[in-house]
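J.: with the sequence up front, the predicted model follows.
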Amino acid sequence: QVQLVESGGGLVQPGGSLRLSCAASVSIFSINAMGWFRQVPGKEREFVAAINWSGGITNYADSVKGRFTISRDNAKNTVYLQMDSLKPEDTAVYYCAADHNDWPSRTPGGYDYWGQGTQVTVSS
């Protein structure tokens, strides 16, 4: 069983930066695609970014392209989401996801494993 634990959320002012981390309980050499999604109350979970095992393929939502960067360190069993130029509309609970398939899917159904989420609030 794969367990994912997110960290790094918090309160930040508009224009600021945060880096989220997601640590896997097993070697992420055994996990291929990993992704980040976000959700606000009353709305569906929304795709943010995803990355394949090698890091050679990444996908981003249009709303975060150019501001967010996903990366992974397979030796540390960790995937990261660097978030820059944050906006109030980025406020959400951010979830880490993982799957044994290697395609970095944009849909929640493409992932079997999920973390518990970390809150990101962008406000002045």
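T.: Okay, I see it.

J.: give me the most central residue, the chain.
T.: By C-alpha atoms, centre = their mean, the chain has its centre lying nearest to Trp36, at 2.3 Å.

J.: from what I can see that residue touches Val93, true?
T.: No: assessed by C-beta atoms under 8 Å, Trp36 is found out of contact with Val93, at 11.1 Å. C-beta: built from backbone N, CA, C; applies to glycine.

J.: that older thread, which SSE is the residue nearest to the centre of the chain in?
T.: Take DSSP states H and E as the rule and Trp36 turns out to sit in strand 34-39.

J.: can you check Val64 too?
T.: Using DSSP H and E, no helix or strand contains Val64.

J.: show me the contacts for it.
T.: For Val64, the contacting residues are Val48, Ala49, Met83, Asp90, by C-beta atoms under 8 Å, 6 or more residues apart in numbering.

J.: now do 7 Å
T.: Val48, Ala49 (C-beta atoms under 7 Å, 6 or more residues apart in numbering).

J.: make residue 1 into 367 and carry on from there
T.: In the new numbering, first residue 367, that becomes Val430.

J.: and it, how far from Gln367?
T.: From Val430 across to Gln367, the span is 30 Å (C-beta to C-beta, to the nearest Å).

J.: circling back to that earlier point, output the contacting helices and strands for the strand holding Trp402.
T.: Strand 400-405 sits against strand 412-417, strand 458-464, with contacts defined as 3 or more C-beta pairs under 7 Å, 6 or more residues apart in numbering; DSSP states H and E.

J.: mind checking pLDDT for the residue lying closest to Ala463 once chain neighbours are set aside?
T.: Nearest residue to Ala463, sequence neighbours excluded (C-beta to C-beta, 6 or more residues apart in numbering): Tyr477, at 3.7 Å. For Tyr477, the pLDDT comes out at 95.

J.: distance check, Tyr477 against Thr457.
T.: Distance, Tyr477 to Thr457, using C-beta to C-beta: 23 Å.
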